[in-house]
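Enquirer: fold the following.
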Amino acid sequence: MTSYQKLIRITYLVLLVLALLAPMLGLYPVFVMKLLCFAIFACAFNLLLGFTGLLSFGHAAFFGSAAYITGWFIKSQHFTPELGILAGVLGSALIGLVVGSVAIRRQGIYFAMITLAIAQMVYFVCLQVPFTGGEDGLQGVPRGALFGLLSLESDTAMYYLVVAVFVATFLGVARIVTSPFGQVLKMIRENEPRAISLGYQVDRYKLLAFVLSAALTGLAGSLKTLIMGFATLSDVHWSMSGEVILMTLLGGMGTLFGPVMGAGIVVSLQDMLADKVGSWVNVIIGVIFVLCVLAFRKGVVGELLAFLERRRHAAAIAKTQAAVV
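Expert: Sure, this is the predicted structure:
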């Protein structure tokens, strides 16, 4: 293991310890849980955009539909939390399969517009069907007890469940992108005609990546409903798709930790500035995004990794030159 890899692992370990100690450090558990939910959302989106090269404008459809499905099953059908979350994930995966089957027939902006159009159809359905509550949303969703044994009514118990799910999701995404399947996705992103010429069935890989991304997005939406106790139309609105794109690009698409960093920046700014500047918080975040794109085109984490790589490369060259002398 190189010193660079050791540094990355130590950083992850420190962040994990901080996450476990967050409630003891005075951080509001609900805020951190919300941040982790959006971090899962951004990681799921990054799997599609950052590692497969597919830009979707409709990921709010999976986030919001899973939120409604989970909320309805837990509140009306009295499902336990884990079954409600499972129903939300399966529902978003099924919607992802339908949307992906249609969208992957096109590329570029046409792919993005198809996902946006279908997402707007999902928004209209959520507005009209009775069980969602329409403009009032689905309110009063109980947290219940995990497996019927561990009550999640306590913010502390719910917090550690969310941390465990986030860590599992992050490690799962890391395993996917470093697997042979993930390497094919990167090849499709870099040179799709080349992947086709090598005999890979590109559409199948893209569809599977799309469904995986939709399912993980649904996981984030389901957790959000369980944490907050409600699901609203804002969860399935197109602006939610815009937010996750912003998080991914701001943190650094194509990196593992970039989306987590981007989610942390956006959610923190929204939380700190919402009561001070109102709707102007979106303008402030937009300005920060523009500055980031101009000054840090690879995102915060992307630029940091590029800087470390340049230093490592320069050190290797210096070491080689010293050995020659």
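Enquirer: can you show me the helices along the stretch 1-150 of the chain?
Expert: Per DSSP state H, counting those that start in this stretch, the stretch 1-150 of the chain carries helices over the ranges 3-21, 29-49, 60-75, 81-103, 108-128.
Enquirer: export those to TSV and append columns for distance to E303 and mean neighbour count.
Expert: For the C-beta atoms, the positions are set from N, CA and C on the backbone; glycine is no exception. What follows is the helices of the stretch 1-150 of the chain, written out as TSV (distance: least, Cβ to Cβ, whole Å; neighbours: other Cβ atoms under 10 Å):
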stretch	distance to E303	mean neighbour count
helix 3-21	15	12
helix 29-49	16	24
helix 60-75	28	30
helix 81-103	31	21
helix 108-128	25	17
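Enquirer: need the contact partners of the strand or helix carrying I196.
Expert: Under the criterion of DSSP states H and E, I196 resides in helix 192-197. Residues outside helix 192-197 that contact it (Cβ atoms under 8 Å, 6 or more residues apart in numbering): 53, 107, 184, 187-188, 202.
Enquirer: cutoff 6 Å now
Expert: Residues outside helix 192-197 that contact it (Cβ atoms under 6 Å, 6 or more residues apart in numbering): 187-188, 202.
Enquirer: stretch 203-220 too?
Expert: By Cβ under 6 Å, 6+ apart, the residues outside stretch 203-220 that reach it are 37, 40-41, 44, 47-48, 52, 59, 62-63, 66, 88-89, 92-93, 96-97, 100, 104, 184-185.
Enquirer: next, the buried residues of it.
Expert: Buried residues in stretch 203-220, counted by 16 or more other Cβ atoms under 10 Å: 205-220.
Enquirer: does I114 touch I104 like I think?
Expert: No. Between I114 and I104 there is no contact, the gap being 9.2 Å when judged by Cβ atoms under 6 Å.
Enquirer: now the helices: where do they sit in the stretch 201-325 of the chain?
Expert: So, for the stretch 201-325 of the chain - with DSSP H, counting those that start in this stretch - the helices run 202-228, 238-251, 258-277, 280-295, 299-324.
Enquirer: what is the third one packed up against?
Expert: Helices and strands touching helix 258-277, by 3 or more Cβ pairs under 6 Å, 6 or more residues apart in numbering; DSSP states H and E, are helix 29-49, helix 238-251, helix 280-295, helix 299-324.
Enquirer: from these, which stretch is densest packed?
Expert: Comparing those by mean neighbour count (mean count of other Cβ atoms under 10 Å), helix 29-49 comes out on top with a mean of 24.
Enquirer: show the average pLDDT along that helix.
Expert: Mean pLDDT, taken over the full extent of helix 29-49, equals 94.
Enquirer: which residues outside that helix are in contact with it?
Expert: 22-23, 54-56, 59, 155, 159, 162, 166, 169, 173, 209, 213, 216-217, 220, 223-224, 227, 244, 247-248, 253, 259-260, 262-264, 267, 271.
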